[in-house]
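Enquirer: Here is a sequence together with a model predicted from it:
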Amino acid sequence: MEKDWQILKPNADLAQKIQRALKCGPHISAILANRNMASASQLSAFLNPSLSDIRSPSSLKGMDKAVKRISMALEKNEKILIFGDYDVDGITATAILFDFLGKVGGDASYYIPHRIKEGYGLGKTHIHDYAAPKKIDLIVTVDCGVTAHEAVAAAKEKGIDVIITDHHRVESRPPDAVAVVNPHQKDCPSNLTCLSGVGVAFYLLIALRKHLREIDFWDEKPEPNLLNRCDLVALGTSADQVPMVNESRIFTRAGMGVISQGKRRGLKALMKQAKVQTKHIDSDDILFRIAPRLNAAGRMSHARFAVELLTTANARRAKEISSQLSDLNAERKTVEDIIFKEAVSQVENDPSLIDHRPLVLSSPTWHEGITGIVASRLVEKFSRPTILISTRNGMGKGSGRSIGGFDLYDSISACSKDLQGFGGHSMAAGLTIKKEDIPSFSSHLKKVSRDFFRSDRPAPPLLIDCEINLNQIAPELIDKLESLRPFGTQNPEPLFMARQVFVISSDLVGGVHRRMTLGQNQSQTQTGRGTHIAAIQFNIDPQKPPPELFQQIAFKIRWNRWRNKKTAQILIEATG
């Protein structure tokens, strides 16, 4: 879908103020002004995010109760079960809590349900068939549990206490657990809604370590270093695409530093498999190289292998698991491509589906572990919120992804009478539905989203931070851009625009990516005297060659690092 290119116009006085304060160029000052860095304290917090600036864990409702109950379990050597989710956020939250409790001598184990056989979240069967027979005393959920009313009631009947830590939206009242720690509770004063599931779990560890210090627990034990566990928080936070602001950005920045040291054996082995440079890791490396491999465990096999990878101290075992996950990821890609082509074919064969906004597509042959990834690709292709539903096991299981400004969770919630269950947040959601109710659900979803997709609605904006000439892309600028990382939701990577850009050379990479050399002044380009810059454009139509001249391009600017060398490169996001 065509987008409305909009060059942001920062406050000129603010931009000049920032330029003077930081002694930076006009492009960096414009970017920071676009992000409303109006004061010295805001600038400092953004440019130097520090763990010392995080808000108090005790501001999270239920935190004090949760900490005291876990402390009691450690004192009495009770059996603690960590119950997690099968995506990267849940995997890292499980690993960070399991690792910590094990290091302090707790009798802890973990359980992650099989994505296909068991589905999402804590259920009654997990209490009756696993927790009770294993004589578990305390269950701590991570990245799930806020809708597990029946399971918590069943646990109570068996004399098992439950603590819920979660970050998903709370429909009404939470379950009647010993404690519920979720910043989305209506009466939670923390204002920490930016946190991922692993972010909430990490906050729990911060509060627990402090409480144990106050009761002299560490007199005879070494106090665990929490900074070294920020690598897991960075993984889960980046992969779950929660807002990359405030505490989420602080934890991720710290975690990237830990990852660059290569201390966690499993992660180091996986990064080697994924060909990620440890010292220069960024959010894109997590999103497109590391997270897919970790997620492949739950999608194609079982997520417990990913938890084992992130917690093992055995280098040989880490190498084995990382190789297995890479193989599973390759298998996932094959299945994903098949589903994507079938979904696109459904739309092409019935163009009216585009009018039924958001897109709701289903098939009895689709792998329910892959639908979320394909939904993301369809969102990118059609600029529509998309829900893909697999009905291959009788009951429909759907995964949805959204576009900016459209709250998918609220829209699905308005159609809840058609559903057997649902959960998630504004940008991503999951649901279960009877096959025969899919048409009704699609119709109702169209109605509740009618205002958002009215016919006179303008094209979605493509927000450009500033216009730039290719000869202005200097090493100093790229270094300054790197200092603004990490980027993510609500803190996007700066986007630039250049006009009248010539294609000097072009070739395909990987079949669907186009590598180019670009120039801007035609006469200088033809004589070889002008500024040339390397460019890459992902997921293009390989049958369609690039024009000799782009009237305008929108792009990101990065270092391309290869064999201990770095060269300037632009990543083209759009052309016009």
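Expert: That came in fine, so what should we check first?

Enquirer: Okay, and the spatially closest residue to residue 16 that is not a sequence neighbour sits in which element?
Expert: Nearest residue to residue 16, sequence neighbours excluded (Cβ to Cβ, 6 or more residues apart in numbering): residue 29, at 7.2 Å. For the C-beta atoms, the positions are set from N, CA and C on the backbone; glycine is no exception. Per DSSP states H and E, residue 29 falls inside helix 26-34.

Enquirer: Give me the distance between the residue nearest to residue 16 and residue 157.
Expert: According to Cβ to Cβ, to the nearest Å, residue 29 and residue 157 sit 62 Å apart.

Enquirer: give me the low-pLDDT residue ranges for this structure?
Expert: Scanning the chain for pLDDT under 70 picks out 1, 356, 455-456, 522-530.

Enquirer: max-length helix in it?
Expert: Identified as the longest helix of the chain according to DSSP state H is helix 315-349.

Enquirer: quick one: buried residues of that helix?
Expert: 318-319, 321-322, 324-326, 328-329, 332, 335-336, 339-340, 343-344, 347 (16 or more other Cβ atoms under 10 Å).

Enquirer: Check stretch 23-34 too.
Expert: Buried-residue list, stretch 23-34, by 16+ other Cβ under 10 Å: 24, 27, 28, 29, 30, 31, 32, 33, 34.

Enquirer: so how far is that stretch off the chain centroid?
Expert: Averaging C-alpha positions (Cα atoms, centre = their mean, to the nearest Å) puts stretch 23-34 27 Å from its chain's average.

Enquirer: Using PDB, list the CA coordinates for that stretch.
Expert: This file holds the C-alpha atoms of stretch 23-34, laid out as PDB (Å, rounded to 0.1, in the frame of the first residue of the first chain):
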ATOM      1  CA  LYS A  23      27.900  19.800  20.000                       C
ATOM      2  CA  CYS A  24      26.300  17.500  17.300                       C
ATOM      3  CA  GLY A  25      25.200  18.000  13.700                       C
ATOM      4  CA  PRO A  26      21.800  19.200  12.600                       C
ATOM      5  CA  HIS A  27      20.600  15.700  11.700                       C
ATOM      6  CA  ILE A  28      21.200  14.300  15.100                       C
ATOM      7  CA  SER A  29      19.600  17.400  16.800                       C
ATOM      8  CA  ALA A  30      16.600  17.100  14.500                       C
ATOM      9  CA  ILE A  31      16.100  13.400  15.400                       C
ATOM     10  CA  LEU A  32      16.300  14.200  19.200                       C
ATOM     11  CA  ALA A  33      14.000  17.100  18.800                       C
ATOM     12  CA  ASN A  34      11.500  14.900  16.900                       C
END
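
Enquirer: what's in contact with that stretch?
Expert: Stretch 23-34 is contacted by residues 8, 10-11, 14-16, 18-19, 22, 43, 46, 465-466, 468, 472, 476-477, 480-481, 484, 494, 496 when judged by Cβ atoms under 8 Å, 6 or more residues apart in numbering.

Enquirer: Based on its surroundings, how many neighbours for the nearest residue to residue 192 once chain neighbours are set aside?
Expert: Nearest non-adjacent residue to residue 192, counting by Cβ to Cβ, 6+ apart: residue 183, 4.1 Å away. Using other Cβ atoms under 10 Å, residue 183 is surrounded by 22 other residues.

Enquirer: Am I right that residue 183 falls within a helix?
Expert: No - using DSSP: H, G, I helix; E, B strand; the rest coil, the assignment for residue 183 is coil, not a helix.

Enquirer: so it sits right up against residue 189, yeah?
Expert: No - with contact defined as Cβ atoms under 8 Å, residue 183 does not count as touching residue 189 (9.5 Å).

Enquirer: mind checking how far residue 450 is from residue 411?
Expert: From residue 450 to residue 411 the distance is 11 Å (Cβ to Cβ).

Enquirer: Have a look at the two and say which one is more surrounded.
Expert: residue 411 (21 against 11).

Enquirer: Run through the residues that contact that one.
Expert: Going by Cβ under 8 Å, 6+ apart, residue 411 touches 358, 385, 445, 448, 449.

Enquirer: switch to 7 Å and redo it
Expert: By Cβ atoms under 7 Å, 6 or more residues apart in numbering, residue 411 lies in contact with 445, 448, 449.

Enquirer: Kindly report the same for residue 79.
Expert: Neighbour list for residue 79: 107, 134, 135, 136, 137 [criterion: Cβ under 7 Å, 6+ apart].

Enquirer: Could you dump the residues you listed into TSV and include distance to residue 220?
Expert: Below are those laid out as TSV (distance: Cβ to Cβ, whole Å):
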residue	distance to residue 220
107	18
134	29
135	27
136	27
137	23
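
Enquirer: And those residues, which is closest to residue 78?
Expert: Residue 78 has its nearest neighbour among the contacts of residue 79 in residue 137, at 3.7 Å by Cβ to Cβ.

Enquirer: okay but the closest one is in contact with residue 78, surely?
Expert: Yes - here residue 137 reaches residue 78: they are 3.7 Å apart, a contact under Cβ atoms under 7 Å.
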